[in-house]
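Peer 1: Turn this into a structure:
(one chain, ligands or ions: 1)
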Amino acid sequence: MEKVRHIAVIGSLSMDLVLTMPKLPHVGETLKGNSFNTFVGGKGNNQALAMARLGARTAMLGKLGKDTYAEAILSCLSENGVECRHMLSAETVGTGIANIWVNSNGENEIVIIANSNGELKPSDIDEQVGIFEDATLLVMQLEIPLETVIYAAEQARAKGIAVLLNPAPAPVGGLPQELLSKIDYIVPNETETEILTGINPSDEVKALAAGKALLDKGIGCAILTLGARGAVIVAKEPFEKAENDAANSIFYKFTPAPPVKVIDSTAAGDAFVGGMAAALSRGESLSQAVAEGCAAGSLACTKAGAAPSLPSRLELDKLIKLPN
Ligand code: RIB
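Peer 2: Numbers count the residues shown, from 1 in each chain. Have a look, this model is predicted:
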């Protein structure tokens, strides 16, 4: 009998403390806000939830505190069908926190306090090595220590598991070569692309140049998310529906994002990664996976908060009109 395989997510989990306001304040300015809410969040947690809601078998490894935030996050993961037996608890620090400010256009500013996320060590990967068993794909972000991300990527690669990195938040000094050479798919947003390549992907020519710059660093395939403009795949090898830029030796494809009324863009990037990974794990082509990522990202913008905004399979299929 064929074994059922899963996506492994190694990353952060946080409680989001969200303030909405008419506009984001300037330095030194005091503003009257509109509302305050707490939502389950953290990029690793959001991406795992997105995959599970879209029907992918998903297992999560991360570190929580021993507090009520941890209880809420674990309940949310379990209720959505994410496998939690690899989750760990930190002894001396609380659960990670994100302070999120959202303006009336749905744009945000986020400050994170790592807390327990900062305690996820390479030795924890060894302790929970079972998460790699029967995994098809490892998905990570950068809200846990970089040495842990590098170690997990090495372990996954050694086991023949593909590695997808969402380099968020991107370190200002860029990423070390020992990590870059172990990434099959990198999924940066516009800000992260500029930090990693020095190129702002503000138009198609610049987006392709930035994608090529990432490939030149040794990454297999770059998928740049471009906000409301959608996403572009840039790869060294041909893929279904790719166009060829022979002069630059790259294959590429732009995919528009379905237009939506934006309420809150928090976790749109996480929904994109979840949608893309879930489709890849079903054996869909890269082009189809990115189209589903774009649709999931658009849907996440239509609701407030991180976890509550991640779409279901039904919502996503309705938007992209997939045959049942
Ligand atoms: O990507 C959105 C997430 O970033 C939020 O849920 C917040 O926790 C921050 O990590």
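Peer 1: From now on I want contacts and neighbour counts done on CA atoms only, so please keep to that.
Peer 2: Noted.
Peer 1: which parts of the stretch 51-200 of the chain sit against the ligand?
Peer 2: Counting by Cα under 6 Å from any ligand atom, the residues of the stretch 51-200 of the chain close to the ligand are residue 98.
Peer 1: what's residue 282 sitting at in phi/psi?
Peer 2: Main-chain torsions, residue 282, degrees, to the nearest 10: phi -80, psi 0.
Peer 1: and the residue nearest to it when sequence neighbours are not counted, how many neighbours does it have?
Peer 2: In space, and not counting its chain neighbours, residue 282 is closest to residue 56: 7.7 Å by Cα to Cα, 6 or more residues apart in numbering. Other residues within reach of residue 56, judged by other Cα atoms under 10 Å, total 25.
Peer 1: quick one, helices of this structure?
Peer 2: Assigned by DSSP state H, the chain shows helices spanning 43-53, 68-79, 122-127, 146-158, 177-180, 190-197, 204-216, 268-281, 286-300, 313-320.
Peer 1: So for the shortest one, what gets flagged as buried?
Peer 2: Right, the one you point to is helix 177-180. Within helix 177-180, the residues scored as buried using 16 or more other Cα atoms under 10 Å are 179, 180.
Peer 1: residue contacts, the spatially most central residue of the chain?
Peer 2: Centre of the chain computed as the mean C-alpha position; nearest residue by Cα atoms, centre = their mean is residue 270, 3.8 Å away. If you count contacts by Cα atoms under 8 Å, 6 or more residues apart in numbering, residue 270 has them with 43, 46, 47, 50, 297.
Peer 1: shaky segments in the stretch 201-324 of the chain?
Peer 2: 322-324 (pLDDT under 70).
Peer 1: Point out the residues in it that sit beside the ligand.
Peer 2: Looking at the ligand, the residues of the stretch 201-324 of the chain close enough under Cα under 6 Å from any ligand atom are 266, 267, 270, 306.
Peer 1: Of those, which is the most crowded?
Peer 2: Within those, neighbour counts (other Cα under 10 Å) peak at residue 270, which reaches 31 neighbours.
Peer 1: didn't the residue nearest to residue 282 look like it was pressed against residue 7?
Peer 2: Yes - taking contacts as Cα atoms under 8 Å, residue 56 lies within contact range of residue 7: 7.4 Å.
Peer 1: and for these two, which residues touch both?
Peer 2: 278, 281.
Peer 1: What is the burial count for residue 13?
Peer 2: When counting by other Cα under 10 Å, one arrives at 32 neighbours for residue 13.
Peer 1: That one: what's it in contact with?
Peer 2: Residue 13 makes contact with 40-46, 62-64, 73, 95-96, 117 under the criterion Cα under 8 Å, 6+ apart.
Peer 1: what's the answer for residue 174, then?
Peer 2: 195, 196 are the contacts of residue 174 under Cα under 8 Å, 6+ apart.
Peer 1: Could you report the distance from it to residue 180?
Peer 2: Distance, residue 174 to residue 180, using Cα to Cα, to the nearest Å: 10 Å.
Peer 1: Repeat that for residue 129.
Peer 2: Following Cα to Cα, the distance that separates residue 129 from residue 180 is 22 Å.
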